[in-house]
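[1] Turn this into a structure:
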Amino acid sequence: MYSPRPQDMMSQDRRRIWEGSGKQMQLFILAYLLLLALPCMGFLPNFWSRVLTLSWDSHTHQYITEQAILNVTLETLRSTKTSQGNNEEEQTRLGRGFWRAVGEVVKSNAAMDFLSSTRSDPVYHFDSEQVDSAMGMLRQFWAQTLLSVRAKEYQSARHSLGQLFHSLQDFYSHSNWVEMGQRSIYLHLLQPEEPAVPVAEEDTPTCMECFSATCRDNLQPGLTNTQRETQLLTTGYFSTFPPKPYGKCSHGGILDSSRYMGAKGGINKDSTSPVFSPHHYLHMEAANLAMEATLSVLRDLGDTVGPETFLRLFSVKQIPALVFVMDTTGSMFEEITAARFRAHSIIESRASNPGLPGTYVLVPFHDPEVGPVFESDDPNQFIQQMDNLMALGGGDEPEMCLSAIQLALTHSPPLSEIFVFTDASPKDAHLFDAVKALALEKQSKVTFLLTEDPKYTTESRGRKRRRRRRKREPLSPDRFSLYSALSSLSGGLTIFTTNSDIRRVSAIVEDNTATDKVTLLHVESNQDLMSSHSFRVDNSVKNVTLHITGILTECILTSPSDQSQSLLSGDGPLAALDHFEGLYRISLLSPTQPGQWKLQAKSDGHLTFNVIGESSADFLYYFATVTNETHPGLERVEGSPVAGVPAFLVLAVMGLAPDEEASFSHVTLLGADGESLQQVKLNASSSSSSSSYSVEELVGWVDSVPRAPFCVRLTGRDSRGNTLERVSTERVQPTHVQIQVLSVPRLVPGNSTMVDFDILNHGPARLFSLTADDDCKYLHKRGPHSFHVAQQGSFRGQVDLHTPATAQAGATVTLTLTVRALDSPDSNYAVAYLTVIPLDPDTSPPSCSAARVQSTCPSTCTESSWSVSLVVSDRGRSGLATLQLQKGEGVLTLFHSPPPTEESLEGTQQPAYKDTTTIEGHHHHKARLQRGDPPLNVTDWVPGLSQPLWARYSSSCCSPKAELLVWDTAGNMKRCRLTSGQQTQMRDRRTESSGARRITLTSVSVLVGGLLGSTL
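    Modelled structure (predicted):
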């Protein structure tokens, strides 16, 4: 159900952001220019927060998250032996997809401080002593992340992972954990079986008065106690909700109104600035623990899902996806054959360069049916699906093409190239706004290969023997205009060709799915006169290819040395031309001269120019505005930016070789014809100078966002002084309306869920239309819904989704909301990814308990051994799933029933991997694991097992440590660390620096009376 709640005027916070932006921006720019040159390395949302808080040595949420993901990714690459070269070289090859994926996690993390539904809720930030509720939320984020990864819904997983990181990192900044002298992470946050520190009761005072910006020793003595038995946890109260009891700690800092209430002051360690953080002097200690906790989560995630899946989650070295949308009606035999040929060619070429698997998506449509979607990372299965395609039957000329493209966008990763083969116009034009929103949000390009001339009539189509019709009628010459509009705004192409040329034209599929493809030029021209365009080639660019669609009457290519070639006159010294119906494919000859190339062309119709090359150096960007709510920082603009108002343009440049020095001076906002609309000067952000990896963050100030559509061109210079240019081809559509999704709730099978949104009108009072769509058809009403919004006003509404009881846990529902003014071209969009979760998920991990330990390790390790006996069980209701020996050179022997005695165990011969042995008349199923063995599936080993497992680990004293991983069927993991120490107390509860528990072993045989709970 759609539930409007109109508001005549924008809320005070929105008005403050936009109306005050001019004066604020002048002050911020001044501070920005003064501080950008200073080295910066928080707990604050992102790099810009350091500028606003004058704390340029703070660690931000962005920094902690990026560094942790990078470090664990490189660890994973080394463990899978796919790493090449040193760390710096490896970082260069991570790819644009990796940095886009990292950016999604960072965006989700920062949004917790910006979204109205989360920024003031203490549960998301470990504020107001809501520790138990916050821990429950953390564990929900972890369970949701696992569900999404296992369902291969990686975008949803990155979203919930960013939320998890934010709350987890906030704990160390907002609590008194550091003040208690803790130097290791708090395991109980995500592992309920680990020891918990009690939270101070509501009537227990936790702070003393502090009357200065810096608050030292303002915690009550019991709150800084280093003796674990008497420790109490507290976290600061923020603002006025919930009300702060007298004597409790505040968050503190200039943005916290509760700092004036007793006890005055605060305890947050968000930054190194005393203006914002009363405990600023403990910021680095808190940041280091937050980093360690983030690393621990990522390592646990990698161990739980496996290294290959972990790398796919972050699109590491992502091979471009191969996505085909295929019309399979009767006239499409040649098109299907061409697509099949290109698929074979691409997969064969990739087989010679083995690496991480790519994504292959096929969406057939056959009026009135669409799908089913085939998605796989197995190229052989994809080829089999392509080989099974047949061109049969069909109905009337319009077909459900946009429905098929919507499915392709939903199932393909961001930054994909989608190729549509059809000869029919769309029957489902009402989906255009939703498809446009998905293409822009995912930065995916859609290219159409059409074997139909738009000027043809039904009679000429009859010559293709396409379909029988009861009557013949003229077809509209602009019936393909939606295809042209979609390809233009997404950065793709629309090619009108013929059945006889489709196989050769489809070479564009191979060109555009090459690894490390970058764009040097993308413009359109409708001039009857000669048009002139230029592009730059730098030393890192190889294999430059030009694609021109339309009909040329003249085309001249000029090199940087001023040598020219008329491309339509035959072979020449600069390039080779392949001309097919509807497409000119021009390849620059090697060696390609660096510098500025010029292209002059003349046509009597529409032309599109696209120049691509191969280079690892590329960029990503987004628009942002300053926010000063609960935390200062740059809030990313979702959807299209607002025209005519100032904004920041943030870029990330990646892929520069370690020995390649490059500087970037500006970006140019280019109109559709390639004309310059505005030039934006760039400065390196404060995070770039301290970055240890090869991505550079740049920031530009846009005085006024242009009103015309534009794309972004980055300009700089390489180490040889050559101009370096890259173009992001998706076309930004400035507008005067915004739509913001206020919350992204979870979907529960059998229940209805409301999604709230705001529409902000930055123009005159007028009528708007809202349309909602989702790929699973869960929406109760789709619209369009019309409503009036006042000048500079806002409108709040809801959409209702009903999740069927049969919905699969972990599935993602892609919701698109599009708003359009009824009296102007103004429109905008929002895309939300909603995850289906079980009604009552199991978040309790398994446990490991020590039953017996034995060690006789003298100084000469080669002559002795040590061992430990364990009981492994599941604390939740899911049951044990798999076990794996992750580290250690010894042998782990598993039993599905208790062995009679330790001596009888020692007297039996070591079994093979799986075996059944008789000991004193009893049958004992045994399994043997060593490091490097695949995980043991417990259900396959002993079907129907519901009781604990017994295990014995034995090793030479030369290998004093081991690590066992245990999973339950819900995906919860327990990391059991075993150590051959020289301790005398097995109940030592101290943690290692990594935050993991140790089992300490005595130097003589010790029988422990009973099980030791969960000490592993």
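[2] State which helix of the chain is the longest.
    If you go by DSSP state H, the chain has its longest helix at helix 283-305.
[3] Does anything pack onto that one? Which helices or strands?
    Packing partners of helix 283-305 (3 or more CB pairs under 8 Å, 6 or more residues apart in numbering; DSSP states H and E): helix 61-79, helix 131-150, helix 154-174, helix 307-313, strand 961-968, strand 973-979. C-beta here means a position set from N, CA and C on the backbone, and glycine is covered the same way.
[4] quick one: average confidence on the longest one?
    Throughout helix 154-174, pLDDT has a mean value of 97.
[5] re earlier: compute the inter-axis angle for the longest helix of the chain and strand 961-968.
    Comparing the axes of helix 283-305 and strand 961-968 via axes from the mean of the first three to the mean of the last three CA atoms, to 10 degrees yields an angle of 60 degrees.
[6] tell me the mean pLDDT for helix 283-305?
    96.
[7] mind exporting that helix as CSV, just the C-alpha atoms?
    Extracted C-alpha coordinates of helix 283-305, given in CSV (Å, rounded to 0.1, in the frame of the first residue of the first chain):
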residue,chain,number,x,y,z
HIS,A,283,41.6,8.0,19.9
MET,A,284,44.5,6.0,18.5
GLU,A,285,44.0,3.2,21.0
ALA,A,286,40.3,3.0,20.2
ALA,A,287,41.1,3.2,16.4
ASN,A,288,43.6,0.4,16.6
LEU,A,289,41.1,-1.9,18.4
ALA,A,290,38.4,-1.0,15.9
MET,A,291,40.8,-1.9,13.1
GLU,A,292,41.6,-5.2,14.8
ALA,A,293,38.0,-6.0,15.3
THR,A,294,37.2,-5.2,11.6
LEU,A,295,40.1,-7.4,10.5
SER,A,296,38.8,-10.2,12.7
VAL,A,297,35.3,-10.1,11.1
LEU,A,298,36.8,-10.1,7.6
ARG,A,299,39.0,-13.1,8.4
ASP,A,300,36.1,-15.0,9.9
LEU,A,301,34.0,-14.2,6.9
GLY,A,302,36.8,-15.4,4.5
ASP,A,303,37.1,-18.6,6.5
THR,A,304,33.4,-19.1,6.6
VAL,A,305,32.6,-18.7,2.9
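[8] Give me the distance from it to the chain's centre.
    Relative to the centre of its chain, helix 283-305 is centred 18 Å away, using CA atoms, centre = their mean, to the nearest Å.
[9] Can you list the buried residues in it?
    With burial defined by 16 or more other CB atoms under 10 Å, the residues of helix 283-305 counted as buried are 283-305.
[10] again, but for stretch 661-674
    Neighbour counts over stretch 661-674 (16+ other CB under 10 Å) mark 662, 664, 667, 668, 669, 670, 671, 672, 674 as buried.
[11] now swap in stretch 232-248 and tell me
    232, 233, 234, 235, 236, 237, 238, 239, 244, 245, 247, 248.
[12] again, but for stretch 516-532
    516, 517, 518, 519, 520, 521, 522, 523, 524, 525, 531.
[13] Can you name the residues that contact residue 964?
    Residues near residue 964 by CB atoms under 8 Å, 6 or more residues apart in numbering: 848, 870, 872, 883-886, 892, 951, 953, 975-976, 978, 1016.
[14] Among those, which ones are in strands?
    In strands, judged by DSSP state E, the following of the contacts of residue 964 are found: 848, 870, 872, 883-886, 892, 951, 953, 975-976, 978.
[15] Pick the one among those residues closest to residue 790.
    residue 975 (56.4 Å; CB to CB).
[16] Wait, that closest one touches residue 300, no?
    Yes - contact status for residue 975 versus residue 300: in contact at 6.7 Å, counting by CB atoms under 8 Å.
[17] about what we covered before: can you add distance to residue 106 and secondary structure and give the buried residues of stretch 232-248 back as CSV?
    Shown next, in CSV, are the buried residues of stretch 232-248 (distance: CB to CB, whole Å; DSSP: H, G, I helix; E, B strand; the rest coil):
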residue, distance to residue 106, secondary structure
232, 34, coil
233, 28, strand
234, 29, coil
235, 24, strand
236, 25, coil
237, 28, strand
238, 23, coil
239, 25, coil
244, 31, coil
245, 35, coil
247, 37, coil
248, 32, coil
